[in-house]
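>>> predicted model and sequence follow; I will ask about them next.
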Amino acid sequence: MKRILLLMMGLMLGFAASAQTIVTGTVVDEADQPLIGATVIVPGTTQGTSTDLNGTFSFQVKKGTEEIQVSYLNYKTVLRPVNSSASRQALGTIKMDPEAIAMQDVVITQSVAVQRKTPVAVSTIAASEIEYKLGGQEFPEVLKSTPGVYATKDGGGYGDSKINMRGFKSANVAVMINGVPVNDMEWGGVYWSNWAGLADVTRSMQTQRGMGASKISSPSVGGTINIVTNTIDAKKGGTFSYGVGNDGLQNVSLSLSTGLSKSGWAMSLLLAKRWGDGYVQGTSFEGYNWFVNISKRLNDRHQLSLTAFGAPQSHNQRKPLYAGLSIKEWDKVAKWMGEDDKYRYNAVYGFDNNGKERTSQWNHYHKPQISLNHQWQIDYKSSLSTALYMSIGRGGGYSGQGRTSSDRAMWNGSNNGILRYDFRKADGTFDYGAIQDMNAASTTGSKMVMSDGVNNHMWYGVLSTYTNQISKNLELSAGVDVRYYIGEHTNEIVDLYGGDYFIDDSSRKNVKAFNNVAAANPDWVNEKLSVGDVVYRDYDGHVHQEGLFAQLEWTKEKVNAFVSGSVSNTGYWRVDRFYYDEANKESDHINFIGFTAKTGINWNFTKKSNVFLNVGYISRAPFFSGGAFLQSTTSHMTNPDAVNEKVFSVEGGYGLRTEKFSANLNAYYTLWLDKSDVRSKLMSNGDYARVNMTGVDARHMGIELDFRYKPTRWMNVTGMVSVGDWIWSSNTRGYIYDSQGQPMTSKLDGTIASGIMAEDHAWIELQQKDIHVAGSAQTTAALGVDFFPMKGLRVSADWNVYANNYADFYLGSNLTPNTAVKVNDPWRIPWTHQMDLSASYSFKIGNVNATLYGNVNNIYNMQGIMDAQCATDAKGWEDCYAVMYSFGRTYTLRLKLRF
């Protein structure tokens, strides 16, 4: 480790030889507002930079440079002379004028907020900052110093990270790429492994906390993440990079861009690969990334842009629920891993009889997204922007199956945080060879087999926005948002693990003959299955959504105000080929009408200060999974208590901008009503049950502060503090299902009830009112310092603090069904912190511009608890499991060439 750090510093210092001039300035628009992400380069070269969130820039130019060029999409390019004989030149404020007829891609820009104009809490990260600080972190972790954001690695597998905003989990945080929504249509979440390569092509990344400014018909609750990729504005040239890091990490990428030709064509292409062994034991991964954009400016009024990208990947996992341990159990595994590496232990990592590495938790997926954007500048005051898009999802993940629920549970590495020893070798690894031996000796086929839980999808959508500048002060935006999604879900046997066949009677015996006539035939129930056959489930989830939205925006001098609304219809149905026959395979179609209403105002009452206020109300359809259907994997049974989720939110803030100091202070209050939720419970047979809760209410409120200070030309200081107070504000009741989606009786021993919501179907009422919402640190803080000690060299330190983080709760194994259960306030996880170091040095190799990047995350190797789960009756940390610690010290080193 020390050698690598010395090498990094030595290389950076060794290349600091050429004489250069530091050029600084601030880029603003016609209203004197900062332009974020404007490109500043030396004409005819790729030497340059982009402006930060204050519109400022600073970079080095060679001796002999006569001028710089400033450009921004839909603004006239500006040239400024430079005196390169001086060591430093400040160009002051550079004001840019819009093109006579600006061809903005409204679909993309409608989701992006503008500071000191849009009345929302917003933070923007430029591409250069992402490239500088990301290193070996997961893509969402680059936002961890943003107010209200809590990003963790979850179990630690590649792409398995999660991000919450203001206490709302990923299903309630909207993620948009180039204005197109990417949250799963069935349950609302985002798997970041599908987008792990986006950092290579991101132009800017913005978070809007709260309801945000996006004009789609179904907005977010906790916040919005807007990712904008390279398009027609990409400059001519290319890049090549190669990097290494801890635990065998390697990454390589190549990008090429033609720039905008005289004939109006532009093309950008990127290919990348990332692979390694993984920080956590047995979590090797291999991921690719591809991106292509072809754009054509047809004339002054029409522009087409075709964008396609994807990130095929496969990686081993460590899921907290099935491989996470309690604090005491983590201490025990030190005998195998050593005290320093005990938190890297993976309870499902092991080998078979042939010495082949095995795992019961493996994920593989590819989700390319293709969009065709058309911009039509109708006249000088109106435009129409339309995006046609589709997403093609292919892949799945391992799902262990068994003849009984107890057999199925033995695939788990742990139960309630206690390490399982059913198949455990003396060195602590999982003994998959013992499963092969057991199955080979069985006279009734395999007792345990591995299936691939396939989750394919096809998703089609159109998003079209019409904008009209009605008058000098009033602008109208209106459009349509239509989506159709089909999710295909099966479990296919991929390995019999030494047996001759498998009988899926544990699933087929629960099929009702009045739904599927095959269930009346014992030969079907006891059919001998082999590799490729389907077990457990085989259904399609259909989701469609049609919406209209509109917004009026009024601007006059120092005031900007808006009022917006939308209405949408969301419809669901299932097509099931396992629990239902051909005559009954399609469920009833259910529809929910939703709407939104938002208004806000921003007042720049001085040139340096502004205040804003926004208020909104959302009525949103419940999700397909865990909401509209009581058990979406196995049954057509709809939830009779399913109603729209309602959200009321009000937020206000103050902003200050001076030459050296900028700050934002805001406060929010959000009520979330009638939401759906899912809780887990360990049964006596070792299997996990699920409880579908409805009618859940919560209250989220807090204050957020972020600032930036530049005391000297060679130093920047940034920081933030976010203090939340999030509690559940109602009790709730739900019915209990096993991990296969079957209704359970009150015995909770694997006995199946006579039907969903039948008299013998077990239920639980949770008395959770006034306890803390868990899963995110309610208090976060960050402090960062940037140094520019010499020409071309940047060194940074970032310190992050996490406090008031409460363990999520699960239903304790000793709870009695069909009763009201008091939920204790969850265990408050001890506060933790970590410091990251980043450095870069830019230099020349011949005529090629090069930058060396180095990142060390968690420099002092602080391993704090980031996530945990505790029983409803937990008294403290001893009753908690799925305790997941932060990674220890990690590092990356990367060289990037620009040509």
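Everything's here; your move. Residues are numbered from 1 along each chain as shown.
>>> show me what the helix or strand harbouring Tyr617 is packed against.
Assigned by DSSP states H and E, Tyr617 belongs to strand 609-620. Packed against strand 609-620, as judged by 3 or more CB pairs under 8 Å, 6 or more residues apart in numbering; DSSP states H and E, are the following elements: strand 590-603, strand 645-657. Bear in mind the C-beta positions are built from the backbone N, C-alpha and C, glycine included.
>>> which one of those strands lies nearest to Ile392?
Ile392 lies closest to strand 590-603 among the helices and strands packed on strand 609-620, at 26.1 Å (CB to CB).
>>> what is the mean pLDDT for the closest one?
Throughout strand 590-603, pLDDT has a mean value of 94.
>>> now the angle from that strand to strand 645-657?
20 degrees (axes from the mean of the first three to the mean of the last three CA atoms, to 10 degrees).
>>> can you pull out the low-pLDDT segments for the stretch 601-750 of the chain?
For the stretch 601-750 of the chain, applying pLDDT under 70 flags the ranges 682, 684-688, 739-740.
>>> can you show me the strands along it?
Per DSSP state E, counting those that start in this stretch, the stretch 601-750 of the chain carries strands over the ranges 609-620, 645-657, 661-682, 688-712, 715-728, 732-738.
>>> okay, buried residues for the fifth one please.
This points to strand 715-728. For strand 715-728, burial by neighbour count (16 or more other CB atoms under 10 Å) applies to 716, 718-728.
>>> show residues contacting the strand holding Tyr617.
With contact meaning CB atoms under 8 Å, 6 or more residues apart in numbering, strand 609-620 is reached by 116, 119-120, 210-211, 218-219, 221, 594-605, 644-657, 666.
>>> PyMOL command for the buried members of those?
Here is the PyMOL command that selects the buried residues among the contacts of strand 609-620 (16+ other CB under 10 Å):
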select buried, resi 116+119+120+210+211+218+219+221+594+595+596+598+599+600+601+602+603+604+644+645+646+647+649+650+651+652+653+655+657+666
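>>> mind putting the buried residues of strand 715-728 into TSV with distance to Asn194?
Listed next are the buried residues of strand 715-728 as TSV, based on distance: CB to CB, whole Å:
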residue	distance to Asn194
Asn716	34
Thr718	30
Gly719	33
Met720	29
Val721	33
Ser722	28
Val723	33
Gly724	29
Asp725	33
Trp726	28
Ile727	33
Trp728	31
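>>> which one of those is nearest Asp786?
For Asp786, the nearest member of these is Asn716. The distance, counting by CB to CB, is 4.0 Å.
>>> any idea how far Val801 is from Tyr288?
36 Å (CB to CB, to the nearest Å).
>>> can you give the distance of the strand or helix carrying Leu783 from its chain's centre?
According to DSSP H and E, Leu783 maps onto strand 777-790. Here the centre of mass of C-alpha atoms in strand 777-790, compared against the chain's by CA atoms, centre = their mean, to the nearest Å, lies 22 Å away.
>>> report the buried residues of it.
777-784, 786, 788.
>>> which of these sit farthest apart?
Greatest spatial distance among those (CB to CB): Gln778 and Phe788, at 35.2 Å.
>>> follow-up on the earlier one: closest one of the buried residues of strand 777-790 to Ala426?
Nearest to Ala426 among these is Ala777, at 38.5 Å by CB to CB.
>>> check contacts around the closest one.
Ala777 touches 150, 802-805, counting by CB under 8 Å, 6+ apart.
>>> go again with 6 Å.
Residues in contact with Ala777 (CB atoms under 6 Å, 6 or more residues apart in numbering) are 150, 802, 805.
>>> what does His315 give?
Contacts of His315 by CB under 6 Å, 6+ apart are 157-158, 285, 363.
>>> just to be sure, Leu321 is in a strand?
No. Per DSSP: H, G, I helix; E, B strand; the rest coil, Leu321 lies outside any strand segment and is helix.
>>> can you name the residues bridging to Met715?
Here Met715 shows beta-bridge partners Thr712, Phe787, assigned using DSSP bridges.
>>> Met835 versus that one, what's the distance?
Met715 is 17 Å from Met835, by CB to CB.
>>> would you map the helices across this structure?
Secondary structure of the chain (DSSP state H): helices located at 2-14, 106-109, 127-133, 320-323, 327-332, 334-337, 405-409, 432-441, 505-508, 522-525.
>>> nearest to Ser257, out of those?
helix 127-133 (13.2 Å).
>>> how far off centre is the closest one?
Remark: helix 127-133 is offset 18 Å from the chain centroid, using CA atoms, centre = their mean.
>>> dump that helix to PDB, restricted to CA.
Only the C-alpha atoms of helix 127-133 are listed here, as PDB (Å, rounded to 0.1, in the frame of the first residue of the first chain):
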ATOM      1  CA  ALA A 127     -18.300  15.000 -15.300                       C
ATOM      2  CA  SER A 128     -14.800  16.100 -14.300                       C
ATOM      3  CA  GLU A 129     -15.700  15.700 -10.600                       C
ATOM      4  CA  ILE A 130     -17.100  12.300 -11.100                       C
ATOM      5  CA  GLU A 131     -14.000  11.200 -13.000                       C
ATOM      6  CA  TYR A 132     -11.800  12.600 -10.300                       C
ATOM      7  CA  LYS A 133     -13.400  11.200  -7.200                       C
END
